[in-house]
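Enquirer: Just need the structure, nothing else, for what follows:
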Amino acid sequence: MDVWLIIDLLYSILLPRYAVMLYYPHMKNMDFVAVGDIVTDAFIELQDAEVHCNVDREQCMLSMRFGDKIPYKDVVIAPAVGNSPNAAVAAARLGLKAALVTDIGDDEHGREDVAQLKYENVDTSFVSTHKGMKSNYHYVLRFNAERTILIKHESYPYSFPNIDSPSWIYLSSVGENLIPYHQEIVKYLTAHPETRLAFQPGTFQMKNTEALLPVYQLTDIFFCNKEEAQRITKNTSADVKILLEAVRAMGPKLVVITDGPKGAYASNGKEVWFMPMYPDPAPPMERTGAGDAFSATFTIARALGKTIPEALSWAPINSMSVVQHVGAQVGLLTREQLEKYLAEAPADYKPKQI
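Expert: Model prediction:
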């Protein structure tokens, strides 16, 4: 056979395959696929407001003059954020092949979200665009280091895509009334036991615990804070060890509960660990995304083969870095940066069994 005919035949066979791999990178299995809503956050820094709290400071109210023109100090726009997008960006910066399953409208905000994800090396093959619909847009009222978020999630026709077989799925906040969507995820996980699930429930998911028990029962790592654990389990105990086991009884293999500046706890049913927070180098600027950074970084560490105590050592470092910036993603670290902080940690920054 003529050599040029052979070369032409090889080109006709191989070139389309390489083209498919180039334009559809999700055909190569991802390390980390985050699932959940994406939003644009507009951070509005207030300067003319007051905070009023009850005696035990469990409930505080942000107060501004009604019916008046109120000056604000600054505004920062952060596209492509939300629990799951934040986790995907954290994974990409720490060296994993990361993708995001999410839904957007066919507007400028949606296009900005996609562009930002691509900039962060997050695969966007599973981003669904819905014609005639808006993308999610939230307003974050900043006052001192705290924030109040005005939220609205668009009602997209959600459908779980074919994501092949990633090593990990990271499931977090989605809009309301999406029980069928979670049933699709359960069906996928049942058919793909090689894919592990990390679950950081959002508001809707915590309100529908009973309906989402099949998700809890397929969860490898579950994340929430102490107050959320009490709400989910309907257990008012202040003992974190009791709450850990109450959540584990719902199905997750490993439960991680954070308790603000007091630290974090993890239990696999056999051992319980405590981890202090990494010390802040300066007063926090803004705390949005601190919990996402912790949960995502713990999961990423486990995906990289780290032990539970090692993952507990990684997670607070990214949280510490995030709160030094405005927005949930600016402070997310690379692996080199994170390991440098770990090497320079105080002597008492160590996980311990309790």
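Enquirer: quick one: Leu117 is in a helix?
Expert: Yes. Counting by DSSP: H, G, I helix; E, B strand; the rest coil, Leu117 is part of a helix.
Enquirer: could you list every residue that touches the nearest residue to Tyr188 once chain neighbours are set aside?
Expert: Once flanking residues are discounted, Tyr188 sits nearest to Phe160: 6.2 Å by Cβ to Cβ, 6 or more residues apart in numbering. All C-beta spots, glycine's among them, are computed from the backbone N, C-alpha and C. Shown in contact with Phe160 (Cβ atoms under 8 Å, 6 or more residues apart in numbering): Val35, Val101, Tyr181, Glu184, Ile185, Tyr188.
Enquirer: One more pass at 7 Å, please.
Expert: Applying Cβ atoms under 7 Å, 6 or more residues apart in numbering, we find Phe160 in contact with Tyr181, Glu184, Ile185, Tyr188.
Enquirer: And for Ile70?
Expert: Asp48, Met64.
Enquirer: measure it to Met64 for me?
Expert: Ile70 sits 5 Å away from Met64 when distances are taken as Cβ to Cβ, to the nearest Å.
Enquirer: which residues do the two both contact?
Expert: Both Ile70 and Met64 are contacted by Asp48, under the criterion Cβ under 7 Å, 6+ apart.
Enquirer: about what we covered before: determine the three-state secondary structure at the residue nearest to Tyr188.
Expert: Per three-state DSSP, Phe160 ends up coil.
Enquirer: Check His52 and give its pLDDT.
Expert: Looking at His52, its pLDDT reads 89.
Enquirer: Was I right to think it contacts Leu62?
Expert: No. At 8.4 Å, His52 and Leu62 do not qualify as touching, with contact defined as Cβ atoms under 7 Å.
Enquirer: More neighbours: which of the two?
Expert: Legend: neighbour count by other Cβ atoms under 10 Å for His52 and Leu62, higher for Leu62 (14 against 9).
Enquirer: Spell out the secondary structure type for that one.
Expert: Of the three states, Leu62 takes strand under three-state DSSP.
Enquirer: Quick one: distance of stretch 286-298 to the chain centre.
Expert: 7 Å (Cα atoms, centre = their mean, to the nearest Å).
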